[in-house]
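1. Predicted model and sequence follow; I will ask about them next.
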Amino acid sequence: MNHISFAKFLEISPCILGEGAVIERLRRSGDLELDPYLVNSAFIYEGAKRAALETICRQYLDIGREFGLPLLMSTPTWRASRERIEAAGLTGVDVNGDNVRFLDALRKSYGGYAEKVAICGLMSCRGDAYNHADALAVDEAREFHAW
């Protein structure tokens with residue numbers, strides 16, 4: 001893929017398809033248990049869960065390709081902070097990098113359409129991301145995400 005800045009990606013793409021609600025789709029499938037620490041970040045390491053995640057990702061890729069739309073895909077790493085990775089028993093596993101590589105392999109499998117697909121690394125939050133009282137100060141956020 002030709003690497004361009006995200007700002008350039010937005011500039012040259014008047015309309016961008018974005019995947020969404022992946023966690024909810026997995027949660028509501030009924031037969032897949034989300035991890036209490038990593039939610040769906042470790043799905044790529046388990047056969048049936050990886051397949052379910054891949055199916056959802058490919059649905060977005062298929063729609064984007066069919067309609068010629070650029071696609072922004074986010075890594076399923078909303079909860080993959082260092083602390084949560086360790087709590088899940090995956091110390092030393094590159095969960096974030098592995099998820100990027102997972103999406104990149106899917107993107108590359110789409111041939112020429114891959115040029116229209118951008119992958120963003122979804123950074124983990126600390127605490128309740130929906131409660132402003134749990135927000136980190138700038139220096140705390142820099143330290144939390146620096147790794």
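-> Cool, the structure landed.
2. count of residues packed around the residue nearest to residue 147 when sequence neighbours are not counted?
-> With Cβ to Cβ, 6 or more residues apart in numbering as the criterion, residue 147 has its nearest non-adjacent residue at 5.4 Å, and that residue is residue 82. (Each C-beta comes from the backbone N, C-alpha and C, glycine too.) Neighbour count of residue 82, defined by other Cβ atoms under 10 Å: 15.
3. From residue 137, how far off is residue 82?
-> In this view, residue 82 and residue 137 are 18 Å apart by Cβ to Cβ, to the nearest Å.
4. And residue 100, by the same measure?
-> In terms of Cβ to Cβ, residue 100 sits 28 Å off from residue 137.
5. would you say residue 73 is within a strand?
-> Yes - assessed by DSSP: H, G, I helix; E, B strand; the rest coil, residue 73 belongs to a strand.
6. Check it and give its pLDDT.
-> At residue 73, the predicted lDDT confidence score is 96.
7. show me the contacts for it.
-> With Cβ atoms under 8 Å, 6 or more residues apart in numbering as the criterion, the residues that contact residue 73 are 19, 57, 60-61, 103, 107, 117-120.
8. Next, the buried residues of the longest helix seen in the chain.
-> Assignment by DSSP state H gives helix 47-67 as the longest helix of the chain. For helix 47-67, burial by neighbour count (16 or more other Cβ atoms under 10 Å) applies to 49, 52-54, 56-57, 60-61, 64-65.
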